[in-house]
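J.: compute the structure for the input listed below.
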Amino acid sequence: MSYFNRLTKLFLLTAVLFFVGNAGQVFAGDKEIIKFATLAPEGTAWMKEMHALANEVKKVTGGAVKFKFYPGGVSGNEKDVIRKMRIGQLHGAGFTGVGLGEILPEVRVFDIPFLFETDEQVNKIYDLLNDHFVKQYDKKGYVLLGWVPVGWVHIFSANKIESVGDLVKSKPWMWEGDPLVQEAYSAMDVKPVPLSVTDVLMSLQTGMIDTVYGSSQAVLALQWFTRVKHMAALRMGYATGGVLVSKRKFKKLSGEHQKVLLEVSQKHLKILAGKIQEDNRRSVDVMVKNGIQITPVVSGAEKEKFRKAGTLARKNLTGRLFSKEILDQVLSNLQ
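T.: Next up, the predicted model:
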């Protein structure tokens, strides 16, 4: 064998060994782990469906895209989660309207007290504004994977809440930093106690607060129902929620994997939204069996007082939280 042939074979062998030795590193570099946080505890419909979503993404991408979950508020409150997403410690999260509003305040138009009366109205407005909010979150550096509304919001309390006056006499909680609830309570002359959602249970136990608000599923999952006795049947509003991933992390995925993440997320989040509404109905039954008493819808006059408070809050927040154009678009489509 000539020197040239030996040199050529040596070169080819070296090249093959180099490729084989580094192949693991090449493919390992293609793998992405999405660190995902949520306030929802393990065992809830939220986390069960998120695990199903993650498993399908992993399967379809051949293990190239995986999720690592931080449930139950272990990553802090939603402000903490947003901060960690901005610096890259987290890449995605399931948010309530409060968290979504920290990034894009006008999304809180969905959460206006007494804005909606039926599920059909809710679905109509979500469909109407979806494309707008997808674009707005993109401008903020986030990809909106889908909506997961929390559902109808009720008041849960140690004592019956049958009127605005009853609410004034109570010691109500308010999600710390939530301008929407602040304005609504202010319109009713209610003085709430602002607390992080992670501090609510302890504050109920110590008596610092005796009244909370939320969807029935959330109140059950977070164990708040163990410290109250009554649930007001009156619907205070419809709370939004959604799933975001950072645009920076999203761009690290290949085009094909981006498509997979979007399609699989939309599929499972739609399923999750349906499950959450069913869980809300079941949660009421569970709480009633555990001693919670449902206070019937208040009288027409008192109901109107609540509605007027919602209207005043809406008026005061127009131009601050959401634009008049967005609000007018919503109201015109509810008529």
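J.: contact partners for the closest residue to residue 112 other than its chain neighbours?
T.: Distances taken as CB to CB, 6 or more residues apart in numbering place residue 314 nearest to residue 112, at 5.2 Å, with adjacent residues excluded. Quick note: C-beta positions are derived from backbone N, CA and C, even for glycine. By CB atoms under 8 Å, 6 or more residues apart in numbering, the residues touching residue 314 are 112-113, 115, 327.
J.: select from the residues you listed every entry located in helices.
T.: The helices, defined by DSSP state H, take in residue 327 from these.
J.: can you tell me which two in the contacts of residue 314 are farthest apart?
T.: Largest separation among those by CB to CB: 113 and 327, giving 13.5 Å.
J.: which of these two has more neighbours?
T.: Neighbours were counted for residue 113 and for residue 327 using other CB atoms under 10 Å; residue 113 has more, 25 against 20.
J.: right, and the more buried one touches residue 312 too?
T.: No: counting by CB atoms under 8 Å, residue 113 stays clear of residue 312, with 9.8 Å between them.
J.: quick one: the strands in the chain?
T.: Listed in chain order, the strands of the chain (DSSP state E) span 32-38, 65-70, 92-96, 142-147, 151-157, 173-175, 193-195, 211-214, 230-232, 237-239, 241-246, 293-295.
J.: closest to residue 224 out of those?
T.: So among these, strand 211-214 is nearest, using CB to CB, at 5.4 Å.
J.: any idea how far residue 287 is from the nearest residue to residue 288 once chain neighbours are set aside?
T.: Excluding the flanking residues, the one nearest residue 288 by CB to CB, 6+ apart is residue 294, at 6.8 Å. Distance check for residue 294 against residue 287: by CB to CB, to the nearest Å, it reads 9 Å.
J.: which stretches of the stretch 201-335 of the chain form helices?
T.: 216-221, 247-250, 255-289, 300-317, 324-332 (DSSP state H, counting those that start in this stretch).
J.: out of those, which is the most enclosed?
T.: When you average the neighbours per residue for each of the helices of the stretch 201-335 of the chain (mean count of other CB atoms under 10 Å), helix 216-221 leads with a mean of 24.
J.: tell me which other helices or strands it touches.
T.: strand 151-157, helix 255-289 (3 or more CB pairs under 8 Å, 6 or more residues apart in numbering; DSSP states H and E).
J.: pipe those into CSV and attach mean pLDDT and distance to residue 136 per row.
T.: As requested, the helices and strands packed on helix 216-221 are exported to CSV (pLDDT from 0 to 100; distance: least, CB to CB, whole Å):
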stretch, mean pLDDT, distance to residue 136
strand 151-157, 96, 23
helix 255-289, 95, 17
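J.: to residue 320, which of the ones you listed lies closest?
T.: With CB to CB as the measure, strand 151-157 is the member of the helices and strands packed on helix 216-221 nearest residue 320 (21.3 Å).
J.: would you mind putting the CA coordinates of that closest one into PDB?
T.: Presented in PDB, the C-alpha positions along strand 151-157 are these (Å, rounded to 0.1, in the frame of the first residue of the first chain):
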ATOM      1  CA  GLY A 151     -63.500  29.800  35.700                       C
ATOM      2  CA  TRP A 152     -66.300  31.500  37.500                       C
ATOM      3  CA  VAL A 153     -65.200  33.300  40.600                       C
ATOM      4  CA  HIS A 154     -67.200  33.200  43.900                       C
ATOM      5  CA  ILE A 155     -66.800  34.600  47.400                       C
ATOM      6  CA  PHE A 156     -66.000  32.100  50.100                       C
ATOM      7  CA  SER A 157     -66.300  33.300  53.700                       C
END
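J.: 15 is where my numbering starts, stick with that
T.: All set: I'll call the first residue 15, so the last point we hit is now strand 165-171.
J.: where's it relative to the chain centroid, distance-wise?
T.: Computed by CA atoms, centre = their mean, to the nearest Å, the separation of strand 165-171 from the middle of its chain amounts to 16 Å.
J.: the inter-axis angle of it versus helix 269-303?
T.: Using axes from the mean of the first three to the mean of the last three CA atoms, to 10 degrees, the direction of strand 165-171 lies 40 degrees away from that of helix 269-303.
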